[in-house]
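Peer 1: sequence first, then the predicted structure:
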Amino acid sequence: MFSFMNHHLRIKNGLAWLGIIATATAGFAAPKSEKAPANAPTTFAKMPATNELASVWNDPEFTRHLIGTYGFASDVEPRMKPEELATYRDKIVPLLRDDQKKAAAELALLTKPDATPVFDFTLGNIAFQNEDLTNAVTHFQAAISKFPDYRRAHKNLGFALVRDGRNAEAIKPLTKTISLGGGDGKVFGLLGFSFMSIGKNVSAEAAYRQALVFEPENLDFKLGLVKSSIATANYDYALALLDELIKEYPDRENLWSLQANIYIQREQPAKAALSLEMLRRVGKANAQSLFLLGDLYMAQDSYDLALNSYLEAIQTDGGQNAARALRAAQILVNRSAWTEANQMFARIRQGSTALSAVDELKLLKLESKAAMANGAGDKAIATLEQIIQKDPLDGEALLLAGDYYSKSGQKEKAELRYLSAAAISGFEADAFVKHAQLLVQSQKYANATELLKKAQKLKPRDNVQRYLDKVEQLARNSAKS
């Protein structure tokens, strides 16, 4: 026989499938046990496997608890009149077992304003089990309006709201269930999940702790406690919990990833990298984890290790995430890791199924930067000019072209490119600074000063201010001589 939803609910002789019993009302005997029909539903608003609550919700024991709520708990719930109980026992119970649609139709006729709230509650349960969550909520609320302390109605209302993704609304009936003495592992666990969903992380942490009192081995609740502890910056406690979980489940990717994220929050990149390396060694690292591992190695100036992680990430996702691969290439370029960057460029072109027009331009500009840094400026400028011809408003390409012309002594061309970039929103400040540097080379200090002041007005930076101070001094010295 299926058990009821919490340990306070008592099950006597009844139908084995639904766990339906009669209340302890004198003169009414419970029906004899019968076998469930072959077509009896065995699920209760089953969650999709991809939902983060699926392992909790679809657990067979939890399903049995939910199905068990068709029964009664006479000491804590609304009592039924003798005639109502007789109708329920003799008419509704058999239909619940054999034909829920007919049971719902009969109950709809019985749910009158002055009728027992048990009819509303049972109708809500039928709707809930058949994933008609809107009507389930409506019927549970109707039962509560008739009997405000209807514990199982509050409980199932909270569960139905969670199942419907209405987590904020679920908090009130779940907390009411606890205040009425119906708190159990699932109530506290789903309450913790609901609090987490609206950012009330301290409350979520407290709820998950209570859930684990009832279900100390529940992995989902432990993970919920880890996540809420991270959200409240209780990192030491979260790490301690993760250490326990990793020993028990060393092949679970999310545990290593959570541990790495905590170390990142604590600015401990070496430890974070170690966590992701362990994940990599057990063969569970996905592309996202490998890209992150590469970033962590870059933070430690381990360019070769970073490159290996980046290349493995591209291989793992089959080159599907070109944007993330380009970001990794950008990091290598920014750190002047030219050898590694060139290997990344080649792998991106080889591994990506098809670069979008935007991604192609990004890659071309990165390749141009590397080419100029490695003495292949002629090749780089040819590429940049092609980009500018296609898109005259590409501020980054204009600045790169200006840099090439400046370094190669073609000051007029450089100035033209900087002036063009200065007319593009978002690039003005950098263009003013580069143009000013070009003017300083020609000892035009006063003009350079004006451009640097414009740059600082648009985008104040300490290094530019220091450069401005030096140029102003040069301008004053030049004026005196």
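Peer 2: Structure's in. What do you need?

Peer 1: now for the protein, the helix or strand with the poorest mean pLDDT.
Peer 2: Least confident helix or strand of the chain, by mean pLDDT, DSSP states H and E, is helix 60-68 with a mean of 60.

Peer 1: tell me the first helix or strand C-terminal of it.
Peer 2: helix 82-87 (DSSP states H and E).

Peer 1: which other helices and strands does the following helix or strand past that next one contact?
Peer 2: Next in sequence after helix 82-87, counting helices and strands by DSSP H and E, comes helix 93-98. On a contact count with 3 or more Cβ pairs under 8 Å, 6 or more residues apart in numbering; DSSP states H and E, helix 93-98 meets helix 100-110. Bear in mind the C-beta positions are built from the backbone N, C-alpha and C, glycine included.

Peer 1: the helix it packs on: how far from the chain's middle?
Peer 2: Taking the mean of its C-alpha atoms, helix 100-110 sits 41 Å from the chain's own mean (Cα atoms, centre = their mean, to the nearest Å).

Peer 1: which intervals of the chain have sub-threshold pLDDT?
Peer 2: Scanning the chain for pLDDT under 70 picks out 1-45, 47, 52-76, 352-353, 481.

Peer 1: select the longest helix from it.
Peer 2: What stands out as the longest helix in the chain, according to DSSP state H, is helix 462-480.

Peer 1: in that one, which residues are buried?
Peer 2: 464, 467-468, 471-472, 474-475 (16 or more other Cβ atoms under 10 Å).

Peer 1: what helix or strand is residue 158 on?
Peer 2: Judged by DSSP H and E, residue 158 forms part of helix 151-163.

Peer 1: quick one: the longest helix of the chain to chain centroid distance?
Peer 2: 50 Å.

Peer 1: same deal with stretch 215-223?
Peer 2: With Cα atoms, centre = their mean, you get 19 Å for stretch 215-223.

Peer 1: from the rest of the structure, what touches it?
Peer 2: 53, 55-56, 185-186, 189, 192, 208, 211-212, 241, 245, 249, 254, 258 (Cβ atoms under 8 Å, 6 or more residues apart in numbering).

Peer 1: okay, how far is it across it, tip to tip?
Peer 2: 13 Å (Cα to Cα, to the nearest Å).

Peer 1: if we can go back for a sec, packing partners for the longest helix of the chain?
Peer 2: Against helix 462-480 (3+ Cβ pairs under 8 Å, 6+ apart) you get helix 428-441, helix 445-458.

Peer 1: pull the residues that contact it.
Peer 2: 433, 436, 440, 443, 445-446, 448-449, 452-453, 455-456.

Peer 1: got the angle for it vs helix 428-441?
Peer 2: Between helix 462-480 and helix 428-441, the angle comes out at 40 degrees (axes from the mean of the first three to the mean of the last three Cα atoms, to 10 degrees).

Peer 1: what angle separates helix 462-480 from helix 445-458?
Peer 2: Using the same axes, to 10 degrees: helix 462-480 against helix 445-458 is 150 degrees.

Peer 1: export helix 462-480 as CSV, just CAs?
Peer 2: C-alpha atoms of helix 462-480 as CSV (Å, rounded to 0.1, in the frame of the first residue of the first chain):
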residue,chain,number,x,y,z
ASP,A,462,45.1,57.1,-14.9
ASN,A,463,47.7,56.1,-17.5
VAL,A,464,46.4,58.5,-20.0
GLN,A,465,46.4,61.3,-17.4
ARG,A,466,50.0,60.6,-16.6
TYR,A,467,50.8,60.8,-20.3
LEU,A,468,48.8,64.0,-20.6
ASP,A,469,50.8,65.5,-17.7
LYS,A,470,54.1,64.7,-19.5
VAL,A,471,52.9,66.1,-22.8
GLU,A,472,51.7,69.3,-21.2
GLN,A,473,55.2,69.7,-19.6
LEU,A,474,56.7,69.2,-23.0
ALA,A,475,54.3,71.8,-24.5
ARG,A,476,55.3,74.3,-21.8
ASN,A,477,59.1,73.7,-22.3
SER,A,478,58.6,74.0,-26.1
ALA,A,479,56.8,77.3,-25.7
LYS,A,480,59.7,78.7,-23.6
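
Peer 1: how far off centre is stretch 361-378?
Peer 2: On Cα atoms, centre = their mean, the centre of stretch 361-378 falls 37 Å from that of its chain.

Peer 1: can I get that stretch in PDB? Just the C-alpha atoms.
Peer 2: Extracted as PDB, the C-alpha positions of stretch 361-378 are listed here (Å, rounded to 0.1, in the frame of the first residue of the first chain):
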ATOM      1  CA  LEU A 361      36.100  39.500 -39.100                       C
ATOM      2  CA  LYS A 362      37.200  39.000 -35.500                       C
ATOM      3  CA  LEU A 363      39.500  36.300 -36.400                       C
ATOM      4  CA  LEU A 364      41.000  38.300 -39.300                       C
ATOM      5  CA  LYS A 365      41.700  41.200 -36.900                       C
ATOM      6  CA  LEU A 366      43.400  38.900 -34.400                       C
ATOM      7  CA  GLU A 367      45.500  37.400 -37.100                       C
ATOM      8  CA  SER A 368      46.500  40.800 -38.200                       C
ATOM      9  CA  LYS A 369      47.600  41.800 -34.700                       C
ATOM     10  CA  ALA A 370      49.700  38.700 -34.500                       C
ATOM     11  CA  ALA A 371      51.100  39.200 -38.000                       C
ATOM     12  CA  MET A 372      52.200  42.800 -37.200                       C
ATOM     13  CA  ALA A 373      53.800  41.700 -33.900                       C
ATOM     14  CA  ASN A 374      55.800  39.000 -35.800                       C
ATOM     15  CA  GLY A 375      57.100  41.200 -38.600                       C
ATOM     16  CA  ALA A 376      54.500  40.300 -41.200                       C
ATOM     17  CA  GLY A 377      53.000  43.800 -41.300                       C
ATOM     18  CA  ASP A 378      52.500  43.900 -45.100                       C
END
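
Peer 1: what about residue 272, neighbour count?
Peer 2: Residues contacting residue 272 under the criterion other Cβ atoms under 10 Å number 24.

Peer 1: my read: residue 149 touches residue 180, true?
Peer 2: Yes: if you go by Cβ atoms under 8 Å, residue 149 and residue 180 touch, sitting 5.9 Å apart.

Peer 1: pick out the most distant pair among the contacts of helix 462-480.
Peer 2: 443 and 456 (21.3 Å; Cβ to Cβ).

Peer 1: the two: which is more packed in?
Peer 2: residue 456 (17 against 11).

Peer 1: which residues touch the more buried one?
Peer 2: 464-465, 468.

Peer 1: thinking again about what came up before, among the helices and strands packed on helix 462-480, which is nearest residue 226?
Peer 2: helix 428-441 (42.9 Å).
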